[in-house]
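*Asks:* show me how the following folds:
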Amino acid sequence: EGEGEGDAAAEPAGGQTMESVPGDAEQPQEKVGTFVKLQHTLGEVNIELEEKLQRVEWNHTHTSFVNPDAIRRLKETIKRKTLFAVDIQRVLKDGGDYIYAQKYHGLAKVDLKEILNEDATEVTFRCPVGPHPEFRTPTEEEVEASPPPEGEPEEEQKLHNGECANPYLLYETYLVVSIATERPII
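*Replies:* Below is the predicted model:
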C-alpha cells in the first residue's frame, strides 16, 4: 500500500472484473452497489468503489457567466452530437522535457447531452480516456539519450501483437466531469 502499485493498480477502474470460474456461466453475478454508465461503452462503474480505488483528483473548478447567445450556441453544438475533447497530459513540474510525454498524452471525448435534459441543473459524466492521436512510447535509444527523471526506465506492457499498450486503456482510466448550472439549459 501507499506507492500506487499492488492490487488496486492491477484492477480495472471501478472494480468490474469478471473472473472465469467453471460452472458460473449459468448463474448471473449479482451487482452490489450503485452503478452508472461509462460513456461510449457498454460498461458501468460502481460509484462506491470509485471512491475507494486509486485515482488522481485535480479538483479544478471554473465558474463563469454565459450570455444567452453562448448558451444557444452550446445547445446547438450539443444537439449536433458534438463531443467535447478533454486533453490530458503528464508534464514535469519544472516544465522540462519528459521522455514519456507522448505515452501519457490522453484524450477523452465527453458527450454533454444530459445537461440538456429538462430540469437538469447538475450532471456528472464518466468518460473513458484513450490515447491521443500522437501516442507513442519512446525507443530504448531515446530513453538512453534522455533518461526519465525517476532514474529507471518504465517497463512497457506489450500487447499480443508486440506493440506497447496505452496505459489509459490498460488500466481502464476514465474521467469524471461534473457540470452545474444555476438554471436548466432549455
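
*Asks:* state the distance from residue 140 to residue 41.
*Replies:* 34 Å (C-beta to C-beta, to the nearest Å). To be clear about C-beta, it is placed using only N, CA and C from the backbone, and glycine gets the same treatment.

*Asks:* which one's more surrounded, the two?
*Replies:* Using other C-beta atoms under 10 Å as the criterion, residue 140 and residue 41 rank with residue 41 on top: 13 against 9.

*Asks:* hang on, that one packs against residue 129?
*Replies:* No - between residue 41 and residue 129 there is no contact under C-beta atoms under 8 Å: 11.8 Å.

*Asks:* show me where this protein has its strands.
*Replies:* Here the chain has its strands, by DSSP state E, at 35-37, 44-46, 84-88, 106-110, 122-128, 130-131, 174-180.

*Asks:* who are the packing partners of the second one?
*Replies:* The one in question is strand 44-46. strand 35-37 (3 or more C-beta pairs under 8 Å, 6 or more residues apart in numbering; DSSP states H and E).

*Asks:* so what secondary structure elements neighbour the strand it packs on?
*Replies:* strand 44-46, strand 122-128.

*Asks:* by mean pLDDT, show me the worst of those strands.
*Replies:* Lowest mean pLDDT within those: strand 44-46, at a mean of 87.
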